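S.K.: sequence and predicted model, in that order:
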Amino acid sequence: MVAASVVRQHILTDLKQKFKTVDEAEDALGLSLEAYLDDSILSDRSTPSPAPLHVSQTLLDKLNHLTPVQLKDLIVQSLQLLSKLHTPPTTILKQLAKTLFEMDWITTYLDQLFESWFKNASFQNCILVLNKCFDISSKKIGITTNVLNFP
């Protein structure tokens, strides 16, 4: 039987050859020391869902151990997979927007998101979005006439 210290030493030697820093190893292996040492990080990261999720609890529990880089990669991959589904994009976007707007911190980053989108979108798409924003804003202050495409 091999002693635990021998196995740990072998793992340490192997990891030192593969990774230059501890952060690099944590990101690559999905490890986060903070997740194990500080339960408050887990509670900060998780937001209660208003509806039951159709995902196994085991998979959800694994999310708590992902690093911020891995969570970002997971979100990007998930959005790419969602774009390939046969569900209408508006349904997915409405569900995503509803979830995001329930998180108070998201409003801080919306201006950055919009700025980035407007810089990269076509002029025609910018006008479509601006018209919609103007229409919604007008209705919020009581203007009920059609304000879209006002010259």
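M.R.: Received, thanks. Numbering: from 1, shown residues only.

S.K.: quick one: residue 135 from residue 74, how far?
M.R.: Applying C-beta to C-beta, to the nearest Å, the value for residue 135 to residue 74 is 35 Å. Placement of C-beta: from N, CA and C, glycine included.

S.K.: so the two - more neighbours on which side?
M.R.: When neighbours are counted by other C-beta atoms under 10 Å, residue 135 and residue 74 differ, and residue 135 comes out ahead with 16 against 12.

S.K.: lowest confidence element among the helices and strands of the protein?
M.R.: For the chain, the helix or strand with the lowest mean confidence is helix 39-45, at a mean of 45 (criterion: mean pLDDT, DSSP states H and E).

S.K.: what about this protein, any weak spots by pLDDT?
M.R.: In the predicted model of the chain, residues 1-2, 30-54, 89, 147-151 satisfy pLDDT under 70.

S.K.: what about the helices in it?
M.R.: Using DSSP state H, the helices of the chain run over 4-18, 22-29, 33-37, 39-45, 57-63, 68-82, 89-101, 106-120, 123-140.

S.K.: want to throw those helices into a markdown table with distance to residue 146?
M.R.: Output for the helices of the chain, formatted as a markdown table (distance: least, C-beta to C-beta, whole Å):
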| stretch | distance to residue 146 |
| --- | --- |
| helix 4-18 | 62 |
| helix 22-29 | 51 |
| helix 33-37 | 52 |
| helix 39-45 | 44 |
| helix 57-63 | 45 |
| helix 68-82 | 33 |
| helix 89-101 | 22 |
| helix 106-120 | 24 |
| helix 123-140 | 8 |
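
S.K.: most tightly packed of the ones you listed?
M.R.: Among those, the stretch with the highest mean neighbour count (mean count of other C-beta atoms under 10 Å) is helix 22-29, at a mean of 14.

S.K.: packing partners of it?
M.R.: Judged by 3 or more C-beta pairs under 8 Å, 6 or more residues apart in numbering; DSSP states H and E, the packing partners of helix 22-29 are helix 4-18.

S.K.: how far does the helix it packs on sit from its chain's centre?
M.R.: 33 Å (C-alpha atoms, centre = their mean, to the nearest Å).

S.K.: so what touches that helix?
M.R.: Residues outside helix 4-18 that contact it (C-beta atoms under 8 Å, 6 or more residues apart in numbering) are 25, 28.

S.K.: again, 7 Å this time
M.R.: Outside of helix 4-18, the residues within contact range by C-beta atoms under 7 Å, 6 or more residues apart in numbering are residue 25.
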